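Undergrad: using only what follows, build the 3D model:
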Amino acid sequence: MKADLKPGISSTRKFTIDKPRTIDFLGEDLRVYATPELVRDMEITCRELLLEHCDAGEDSVGTGIDVAHSGATLLGTDVEVTATVTAVDGRRVTFEVVARDHAEEIGRATHGRFVVEVEKLRARVAAKAAQKAS
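TA: Predicted structure coming up:
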């Protein structure tokens, strides 16, 4: 992990709420952004920010998220998700994440990620898969 990863660094990604990101319990004409998809978009935003500060062969895994989904967002709406690094403790990184649509804040989260060496993780997961297969 590069030394330039510090609290205060942030990144914003834009997403358009497409049909796979929605749920239809209000009917087809009122499809809204589903909470699991909001969580996924928050994680993607944090991971991509973190990847800019990882060394070759590193990536990150999510370790937890505390999310509030506070506003309904309709199919076809653009959403901005902003992730800000709030803490770096060795390989553990914490983010504050805010999601907004054109009208309001629609979600807020605290998200933790851990920087891993991909090959070491691949070996551990492969060993677990082999154990399960036997």
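
Undergrad: find the nearest non-adjacent residue to the residue nearest in space to the middle of the chain, please.
TA: Nearest residue to the geometric centre of the chain (Cα atoms, centre = their mean): E43, 0.7 Å. Once its chain neighbours are removed from consideration, E43 has its nearest residue in G62; the separation is 5.5 Å (Cβ to Cβ, 6 or more residues apart in numbering). Bear in mind the C-beta positions are built from the backbone N, C-alpha and C, glycine included.

Undergrad: what residues sit buried inside the one helix or strand that neighbour maps to?
TA: Here G62 sits within strand 58-69, counting by DSSP states H and E. Neighbour counts using 16 or more other Cβ atoms under 10 Å place 58, 60, 65, 67, 69 of strand 58-69 among the buried residues.

Undergrad: ok, so of those, who is nearest S11?
TA: Comparing the buried residues of strand 58-69 against S11 with Cβ to Cβ picks out S60 as the nearest, at 13.7 Å.

Undergrad: nearest residue to the closest one in space, please, no chain neighbours.
TA: Excluding the flanking residues, the one nearest S60 by Cβ to Cβ, 6+ apart is R113, at 4.3 Å.

Undergrad: helices of this structure, start to end?
TA: If DSSP state H is used as the criterion, the helices of the chain fall at 35-51, 118-133.

Undergrad: now tabulate those in a markdown table and tack on mean pLDDT and distance to F15.
TA: Output for the helices of the chain, formatted as a markdown table (pLDDT from 0 to 100; distance: least, Cβ to Cβ, whole Å):
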| stretch | mean pLDDT | distance to F15 |
| --- | --- | --- |
| helix 35-51 | 98 | 5 |
| helix 118-133 | 92 | 26 |
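
Undergrad: measure the residue nearest to the centre of the chain to A127 for me?
TA: With distances defined as Cβ to Cβ, to the nearest Å, the gap from E43 to A127 amounts to 25 Å.
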